[in-house]
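Peer 1: Provided below for reference: sequence and predicted model.
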2 protein chains.
Amino acid sequence: MKKNTTLYLDDLQVGQRFTSETYTIHGSRIKEYAAEFDPQPFHLDDAAAEASVFRGLAASGWHTAAVTMRLLVGSVPLAGGIVDAGGEISWPQPTRPGDTLHVESEILDIRLSHSKPDRGIVTLRGTTFNQNSEAVYLLTAKLVVPTRAKNSLGKLAAHRA
Amino acid sequence: MKKNTTLYLDDLQVGQRFTSETYTIHGSRIKEYAAEFDPQPFHLDDAAAEASVFRGLAASGWHTAAVTMRLLVGSVPLAGGIVDAGGEISWPQPTRPGDTLHVESEILDIRLSHSKPDRGIVTLRGTTFNQNSEAVYLLTAKLVVPTRAKNSLGKLAAHRA
């Protein structure tokens, strides 16, 4: 998949996959992020983190989620951008200082909107891996994706069935 | 609820509610956050945002999620902190520059872990409101909460039923 291709709903298929670039999270940024948005000792202080359930400094889960969004924006070139209506998230294990993350994502479902036929809802599952191929974050998102044209419903009719 | 009370699993009840402080999101921070984590035109540029599905500058949903976490950390005083194993999220409508947010949260469910009796899983539903009492973010989170002591299972046995 060329990175700069712009994909409309018409261009997507269930099973289609995307792989992101990598992103390294530094310990200093973990602490800065936590100070602003998730000020808890296990995200801010090495000694406190050692004594916590995380057994060492861990990035805020919302920091991992944010980095994942950045990697998805760069790797899933949807027309109209990545517009997320909601979804499910989980953190199987923490992101650690110096971890290098990447995201692998796959289209699970495509549905044309009945009320607004110029768009559809695409279910995308993303898994964020660290450099040891361990999953640190799972996201299943409902994305709003425009059709190529309001009247290009022929190909999409199949998704309604 | 006093803000500095520390609550163990034993202290929690289904239906218990918490209300956060307020937090104002400024337009400049919306753009900075987006530049780092969600670099899409409708989060970065006023004119592009006007022409987008958002019809005006909107905060990244992950920025709203992060602010919500900050407000939860300050308003839900769980022993061991707020340790989120995962959950469901949605954004009913965008957060706008200058919006003042607060979070109202409620305990929906409490379950003692069978495999690890020193902790339980608490389902917390949070709703983030703007200054017009419109919900901008919904979170249903599974939180890991320690019991007051490993052998304090008497009171908790009721939660198993």
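Peer 2: Sure, I can see it.
Peer 1: rest of the way, CA atoms for contacts and neighbours
Peer 2: Fine.
Peer 1: please identify which helix or strand holds the nearest residue to residue A:41 once chain neighbours are set aside.
Peer 2: Closest residue in space to residue A:41, ignoring its immediate chain neighbours: residue A:48 at 5.7 Å, by CA to CA, 6 or more residues apart in numbering or on different chains. For residue A:48, the host element (DSSP states H and E) is helix A:46-50.
Peer 1: quickly list what the nearest residue to residue A:86 once chain neighbours are set aside is bridged to.
Peer 2: Nearest non-adjacent residue to residue A:86, counting by CA to CA, 6+ apart: residue B:90, 3.8 Å away. Residues in a beta bridge with residue B:90, per DSSP bridges, are residue A:86, residue B:138.
Peer 1: what do you get for residue A:125?
Peer 2: Assessed by DSSP bridges, residue A:125 has beta-bridge partners residue A:106, residue A:140.
Peer 1: identify the residues contacting it.
Peer 2: Counting by CA atoms under 8 Å, 6 or more residues apart in numbering or on different chains, residue A:125 touches A:105-108, A:138-141.
Peer 1: just confirm residue A:63 is within a strand.
Peer 2: No - under the criterion used here (DSSP: H, G, I helix; E, B strand; the rest coil), residue A:63 is helix, not part of a strand.
Peer 1: now for it: which residues touch it?
Peer 2: A:30, A:33-34.
Peer 1: then residue A:131?
Peer 2: Neighbour list for residue A:131: A:99-101 [criterion: CA under 8 Å, 6+ apart].
Peer 1: near chain B, which residues of chain A show up?
Peer 2: Contact residues (CA under 8 Å from any CA of the partner chain) of chain A with chain B: A:36-40, A:52, A:61-62, A:65-67, A:69-70, A:73, A:80-81, A:84-92.
Peer 1: just the buried ones from these?
Peer 2: The neighbour-count test (16 or more other CA atoms under 10 Å in any protein chain shown) marks A:37-40, A:61-62, A:65-67, A:69-70, A:73, A:80-81, A:84-91 as buried among the residues of chain A next to chain B.
Peer 1: hmm, back to that, mind putting the contacts of residue A:63 in a markdown table, neighbour count, secondary structure and pLDDT included?
Peer 2: Converted to a markdown table, the contacts of residue A:63 look like this (neighbours: other CA atoms under 10 Å in any protein chain shown; DSSP: H, G, I helix; E, B strand; the rest coil; pLDDT from 0 to 100):
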| residue | neighbour count | secondary structure | pLDDT |
| --- | --- | --- | --- |
| A:30 | 23 | helix | 98 |
| A:33 | 19 | helix | 98 |
| A:34 | 25 | helix | 98 |
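Peer 1: and which of the residues you listed is nearest to residue A:114?
Peer 2: The shortest approach to residue A:114 among these belongs to residue A:33, at 40.4 Å (CA to CA).
Peer 1: with adjacent residues omitted, what lies nearest to the closest one?
Peer 2: Counting by CA to CA, 6+ apart, residue A:33 lies nearest to residue A:63, which is 6.9 Å off, once chain neighbours are set aside.
Peer 1: so what's the one you found scoring on pLDDT?
Peer 2: Predicted confidence (pLDDT) for residue A:63: 98.
Peer 1: ok, now how distant is it from residue B:39?
Peer 2: Counting by CA to CA, to the nearest Å, the gap from residue A:63 to residue B:39 is 15 Å.
Peer 1: what do you get for residue A:136?
Peer 2: For residue A:136, the distance to residue B:39 (CA to CA) stands at 22 Å.
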